[in-house]
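Peer 1: Quick one, fold the following:
(one chain, ligands or ions: 1)
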Amino acid sequence: MFQNVEYYPGDPILGLIEKYNEDPNPKKVNLGVGVYYDNEGHLPILDCVKKVEKELAEKNLPHNYLPIDGLTGYRQACQNLLFGPNHEAVQSGRIATTASLGGSGALRIGAEFIHHWFPDAKVFVSNPTWANHIGIFESAGCEVNKYPYYDSNTNGIKIAELKNFLSNLEAGNIVLLHPCCHNPTGIDPTVQQWDDILAIIKQQGLIPFMDFAYQGLGENLDQDAYAIRKAVDLGLSFFVSNSFSKNMSLYGERVGALSVICPTTEEAKLVQSQLKLIIRRFYSSPPGHGNYIVDKTLNDPILFKQWEKEVYEIRDRIRAMRIHLHDVLQEKLPDRDFTYLSAQRGMFSFTGLSSEQVARLQCEYSIYIVENGRMCVAGLNSRNIDYVAQAMAEVLK
Ligand code: LMR
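Peer 2: Predicted structure coming up:
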């Protein structure tokens, strides 16, 4: 009966976890999936989250259904965090926000909405991008194309090509952007480059879809939201997906949100109603635990401050690992320039390793990074970093 079912060989990122788990080498290092581990190699539970979880456990809340679009306090907290609590767009209620199953869920809800209401819109993603972006939009029925982004010669952005490309796109198409900590390259536009990109998007009548999975891990919570807030100030209507996987270490709870910034409050109500319809048919309503944690943490000023401090500790440890890796490699291979390693931001480094070199790291050293050369710097720690640097130097020789 199922003979003709096609075999799915596995995801290029999540599939690495399985390979890593099966590897008996005690020196193995998992730098594939975008997950932050502390310096002891443990997945942290943030102190602010522990406090809220204790409080929730003591309350012994019944497990009722949540509203289709999530808790009101959760949705408000997301809007405050993304746009700033005093922003006119937040105050006037012209943003439709729904809870989602992680950032991926938000992308998929947004993709469904776009395909249904704007069936002719094509989606343009950066070259390269997180591989699942393409899969998510295509499986919702959208046509996906790429815009120029990464320049392997300079380890920077092909900014002139990118601007030229956007200037030739037709109105009504969707441009998927990474507001901070670009996945996989770790290379973000400067403020001036964002201003230029968004001015072209406005002039061309394009619709941004901002995938915001790393707020706080680039510069800080506000600066990382620069492109989003600038787009609102320019009067654009657009989509934002966000996630608390990385910045609240809530990976398995699948806590994200989709926000749609609309021209008017009336339109936001229409959009909100349609997002609820999509969700009702997908999975009916979201799980509660993550919604409660984020609601309590972000809406309590003391817990918010504690969370902010913990996010910045994560950011700073990742930065320290980047610099250490850069320094060791620079010393071992002085003829090569590793400046890009310390200049990139967020969880990932685009190492420039070829797929053969990536395979050697895996086979000879049990070091797992994504085939395109993306390394999750957040998996490095003081015990494994020299081993990784040594192995990288060997395969780069
Ligand atoms: C990643 O890029 O590694 C993360 O966003 C996890 C995932 O789902 O791929």
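
Peer 1: make it CA atoms for all contacts and neighbour counts henceforth
Peer 2: Will do.

Peer 1: Tell me the residues of the stretch 151-300 of the chain that contact the ligand?
Peer 2: Counting by CA under 6 Å from any ligand atom, no position of the stretch 151-300 of the chain is adjacent to the ligand.

Peer 1: let's see 8 Å
Peer 2: Contact residues, the stretch 151-300 of the chain versus the ligand (CA under 8 Å from any ligand atom): 183-184, 213.

Peer 1: Closest one of the residues you listed to Asn86?
Peer 2: Taking CA to CA as the measure, Asn86 lies nearest Ala213 of these, at 22.3 Å.

Peer 1: my read: that closest one touches Met248, true?
Peer 2: No: counting by CA atoms under 8 Å, Ala213 does not reach Met248; the two are 10.9 Å apart.

Peer 1: Helix or strand for Met375, just tell me which one.
Peer 2: According to DSSP states H and E, Met375 maps onto strand 374-376.

Peer 1: Beyond that strand, next helix or strand please.
Peer 2: Remark: after strand 374-376, the chain's next helix or strand is helix 385-396, criterion DSSP H and E.

Peer 1: who touches that next one?
Peer 2: Contact partners of helix 385-396, identified using CA atoms under 8 Å, 6 or more residues apart in numbering, comprise 321, 324-325, 328-329, 332-333, 353, 357, 360-361, 365, 367.

Peer 1: Just the buried ones from the residues you listed?
Peer 2: Neighbour counting by 16 or more other CA atoms under 10 Å classes 321, 324-325, 328-329, 332, 353, 357, 360-361, 365, 367 among the contacts of helix 385-396 as buried.

Peer 1: What is the burial count for the closest residue to Glu253 other than its chain neighbours?
Peer 2: Nearest non-adjacent residue to Glu253, counting by CA to CA, 6 or more residues apart in numbering: Gly290, 5.7 Å away. Per other CA atoms under 10 Å, the neighbour tally for Gly290 reads 26.

Peer 1: ditto for the one 4 residues further on
Peer 2: Using other CA under 10 Å, Val294 has 26 other residues around it.

Peer 1: who's in contact with it?
Peer 2: If you count contacts by CA under 8 Å, 6+ apart, then Val294 has 74, 77 around it.

Peer 1: let's number from 536 now, not from 1
Peer 2: In the new count, where the first residue is 536, that last one comes out as Val829.

Peer 1: ok and the residue in the stretch 586-735 of the chain nearest the ligand?
Peer 2: Using CA to the nearest ligand atom, the closest approach of the stretch 586-735 of the chain to the ligand is made by Trp665 at 6.1 Å.

Peer 1: close enough to count as contact, Pro579 and Asp573?
Peer 2: Yes: assessed by CA under 8 Å, Pro579 is found in contact with Asp573 at 6.4 Å.

Peer 1: Where does the closest residue in space to the residue of the stretch 586-735 of the chain closest to the ligand that isn't next to it in sequence fall, secondary structure wise?
Peer 2: Closest residue to Trp665 apart from its sequence neighbours, by CA to CA, 6+ apart: Asn718 at 5.6 Å. Assigned by DSSP H and E, Asn718 belongs to neither a helix nor a strand.

Peer 1: thought Asn718 was touching Phe883?
Peer 2: Yes: using CA under 8 Å, Asn718 makes contact with Phe883 at a distance of 6.8 Å.

Peer 1: Fine by me, thanks again.
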